[in-house]
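Trainee: Sequence and predicted structure below; questions after.
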Amino acid sequence: MTEKKRFVCINCGHGVKELFKKYSNTLKTTHCEKCHQITDKYIEFEEFIILIDALLLDSFAFRHIIYNGEFKIYWKVSLVVLLVESFALCRQKLTDPPQADLHIHEKGFYTYTLQNIGDYLLMTLLLLMITATLSIEWMKKMGVRKFTLIIFKVVLISNLSKFFLLPILVWRNNTTVFGRSLHHLLVMGHHLCSLVLAYEAVGATRKVFRWWAFTLVVLAFILKETTRHFVSLVLEDNFT
């Protein structure tokens, strides 16, 4: 009976049994049997450095976070990103109310938070449908439950781009409507690139279907953003 390969090489995606070997008091990183490079250099890095590389759209960092790393810290970071995005959306859609109507902002914040959670789940569902269409055998081999968790991690990692919404919250009153719109557009562009690269890092689709996968991910992103815009308009009407 062969030992189950729990990890992957961050360079080529090949499955490996271990990331390091322990000799006495020394840990030595292993090398991939397929590409012969260090299996995962990030096991020696601080989480903050890995997070920075992910924001710089490094596919190796994406693969480490999804398969090899402890995801606990990223659950917490994702929660912070969710709150930041919800507050940014609330500030963007709702005008500053009089002091007596501040409860409108509070209600709007909670509503947009629920909307963003719905966006995460919708994107996860769309990516699962894409994978089931292009490589159902690979999905069955890994297991539907495990693969669903992996895809949800992809969605959460891609949303780290929303950290770049922070500047517009700080300097909102010192910029123009065009400036805010341009900033938001650039953040969405980074988010889309992050989503495509993180999904590609999973390695769920064969090379022959890779461009199909990229195209379908972009279309899924457009569908999600269209749905998001429609829901935002409905919510905006309810709060104005």
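Mentor: Ah, there it is.

Trainee: after the longest helix along the chain comes which helix or strand?
Mentor: In the chain, with assignment by DSSP state H, the single longest helix is helix 103-134. Beyond helix 103-134 on the C-terminal side, the first helix or strand identified by DSSP states H and E is helix 136-142.

Trainee: what's the average pLDDT for that next one?
Mentor: Mean pLDDT, helix 136-142: 80.

Trainee: on that earlier part again, buried residues of the longest helix of the chain, list them for me.
Mentor: For helix 103-134, burial by neighbour count (16 or more other Cβ atoms under 10 Å) applies to 104-105, 108-109, 111-113, 115-116, 119-120, 122-124, 126-128, 130-131, 134. Where C-beta positions appear, they are placed from N, C-alpha and C, glycine not excepted.

Trainee: Likewise for stretch 185-198?
Mentor: 187, 190-192, 194-198.

Trainee: Can I get those in a markdown table including pLDDT?
Mentor: Listed next are these as a markdown table, based on pLDDT from 0 to 100:
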| residue | pLDDT |
| --- | --- |
| 187 | 92 |
| 190 | 94 |
| 191 | 93 |
| 192 | 92 |
| 194 | 93 |
| 195 | 92 |
| 196 | 91 |
| 197 | 91 |
| 198 | 91 |
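
Trainee: Give me the contact list for stretch 166-176.
Mentor: 84, 87-88, 91, 180, 183-184 (Cβ atoms under 8 Å, 6 or more residues apart in numbering).

Trainee: at 7 Å what do you get?
Mentor: Applying Cβ atoms under 7 Å, 6 or more residues apart in numbering, the external contacts of stretch 166-176 come out as 84, 87-88, 91, 180, 183.

Trainee: swap in stretch 19-31?
Mentor: 7, 16, 18, 37-40, 43, 68.

Trainee: Tell me which of those residues fall in strands.
Mentor: 7, 16 (DSSP state E).

Trainee: What is the nearest of the contacts of stretch 19-31 to residue 157?
Mentor: Using Cβ to Cβ, residue 68 is the member of these that lies nearest residue 157, at 13.4 Å.

Trainee: My read is that the closest one contacts residue 7, right?
Mentor: Yes - counting by Cβ atoms under 7 Å, residue 68 does reach residue 7; the two are 4.9 Å apart.

Trainee: Count the residues that sit near residue 168.
Mentor: By other Cβ atoms under 10 Å, 19 other residues sit near residue 168.

Trainee: Report the secondary structure state of it.
Mentor: The three-state assignment at residue 168 reads helix, by DSSP: H, G, I helix; E, B strand; the rest coil.

Trainee: could you measure it against residue 179, distance?
Mentor: Counting by Cβ to Cβ, to the nearest Å, the gap from residue 168 to residue 179 is 8 Å.

Trainee: And for residue 112?
Mentor: From residue 112 over to residue 179 (counting by Cβ to Cβ), the distance is 22 Å.

Trainee: again, but for residue 199
Mentor: Residue 199 is 31 Å from residue 179, by Cβ to Cβ.

Trainee: quick one, which of these two is more surrounded?
Mentor: Taking neighbours as other Cβ under 10 Å, residue 199 and residue 179 compare with residue 199 leading, 26 against 13.

Trainee: what's the helix or strand the more buried one falls within packed up against?
Mentor: Residue 199 belongs to helix 177-202 when assigned by DSSP H and E. Here helix 177-202 touches helix 59-63, helix 144-158, helix 210-239, going by 3 or more Cβ pairs under 7 Å, 6 or more residues apart in numbering; DSSP states H and E.

Trainee: helices and strands around the second one, which ones?
Mentor: Counting contacts by 3+ Cβ pairs under 7 Å, 6+ apart, helix 144-158 is packed against helix 103-134, helix 177-202.

Trainee: now do the last one
Mentor: In this structure, helix 210-239 packs against helix 103-134, helix 177-202, with contacts taken as 3+ Cβ pairs under 7 Å, 6+ apart.
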